[in-house]
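Engineer: this one's structure only:
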Ligand code: PGA
């Protein structure tokens, strides 16, 4: 399995920030893992052009469930694909919270991504209250069951475990807690899709991953990479995480 370092720029970056992409490609021309950046939609085409001929892959941060139509302000999976994206992040907790996205809507978006030939990076994660109540596994299990359609495989799906309370806070679960959730997700995928398929689907950890903690997180069983927010904005930080994953 090729591991995956994915960066989520969220609502950050204008064309001036593309210099970071050039720096990342220069510093890591042949990384020992798959590397992806998901910029805001306004930069997808420009970033894809900059990345052409390099190992860097480009992703969107969301897509609509329909391929086209009267949906002002939305972007479809075929549009992302046309702009040069190969992946799309779906079900991020900020979309669930800011836009009220439900598992059923996310399920439809994953199907739309697959139909357009995009790899879906499906995000799951519990809130702090849910973890404190001992419900973390139950919550991510329910999200996985309700938001991932039949037909998932390593070629079309990546799962990102992102505890909501760890995103952008500088706090992370213990390594044992990360391992517990990732092991649980692997078993849940195996029950549904078979052991071979489950073993090949990448399970990313996300939430306050930075150069200083990446190595220990990547050493946890069933962690196949990271989805990185804040630390993906600077080539030096994201490059250090790419190097840590390549060495893991
Ligand atoms: P963070 O964000 O790395 O800034 O915590 C992670 C994410 O939301 O994907």
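Structural biologist: Looks like it arrived, so ask away. Quantities reported herein were computed from a predicted structural model and do not represent experimental measurements.
Engineer: interface residues of this protein facing the ligand?
Structural biologist: For the chain, the contact set with the ligand under CB under 6 Å from any ligand atom comprises 8, 162, 167-168, 206-209, 227-231. Every residue, glycine included, has its C-beta placed from N, CA and C.
Engineer: who wins on neighbours among those residues?
Structural biologist: Using other CB atoms under 10 Å as the neighbour test, the residues of the chain next to the ligand are led by residue 209, with 30 neighbours.
Engineer: that one contacts residue 231, doesn't it?
Structural biologist: Yes - with contact defined as CB atoms under 8 Å, residue 209 reaches residue 231; the gap is 6.3 Å.
Engineer: the lengthiest helix in the chain - contacts with which helices or strands?
Structural biologist: For the chain, the helix that runs over the most residues, judged by DSSP state H, is helix 175-193. In terms of contacts (3 or more CB pairs under 8 Å, 6 or more residues apart in numbering; DSSP states H and E), helix 175-193 is packed against helix 136-147, strand 157-161, helix 195-200, strand 202-206, helix 211-218.
Engineer: quick one: low-confidence residue ranges for this structure.
Structural biologist: Within the chain, not a single segment meets pLDDT under 70.
Engineer: strands along that one, start to end?
Structural biologist: 4-8, 34-38, 56-60, 87-90, 119-124, 157-161, 202-206, 225-228 (DSSP state E).
Engineer: quick one: residues contacting the spatially closest residue to residue 171 that is not a sequence neighbour.
Structural biologist: Closest residue to residue 171 apart from its sequence neighbours, by CB to CB, 6 or more residues apart in numbering: residue 208 at 6.1 Å. Contacts for residue 208 (CB atoms under 8 Å, 6 or more residues apart in numbering) come out as 166-172, 230.
Engineer: I'd like these as a markdown table, with distance to residue 213 appended.
Structural biologist: Shown next, in a markdown table, are the contacts of residue 208 (distance: CB to CB, whole Å):
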| residue | distance to residue 213 |
| --- | --- |
| 166 | 11 |
| 167 | 14 |
| 168 | 14 |
| 169 | 13 |
| 170 | 10 |
| 171 | 11 |
| 172 | 6 |
| 230 | 13 |
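Engineer: measure the residue of the chain found nearest the ligand to residue 168 for me?
Structural biologist: Closest to the ligand within the chain is residue 229: 2.3 Å, counting by CB to the nearest ligand atom. Taking CB to CB, to the nearest Å as the criterion, residue 229 is separated from residue 168 by 6 Å.
Engineer: go on, residue 61?
Structural biologist: In terms of CB to CB, residue 61 sits 15 Å off from residue 168.
Engineer: again with residue 23
Structural biologist: Distance from residue 23 to residue 168, by CB to CB: 23 Å.
Engineer: report the distance from the longest helix of the chain to the chain centre.
Structural biologist: Counting by CA atoms, centre = their mean, to the nearest Å, helix 175-193 is centred 16 Å from the centre of its parent chain.
Engineer: swap in stretch 84-92?
Structural biologist: With CA atoms, centre = their mean, you get 8 Å for stretch 84-92.
Engineer: number the chain from 36, please
Structural biologist: Taking 36 as the first residue, the last one we looked at is stretch 119-127.
Engineer: now the closest residue to residue 149 other than its chain neighbours: phi and psi?
Structural biologist: Excluding its sequence neighbours, the residue lying closest to residue 149 (CB to CB, 6+ apart) is residue 191, at 5.0 Å. Dihedral pair for residue 191: phi -130, psi 0, per degrees, to the nearest 10.
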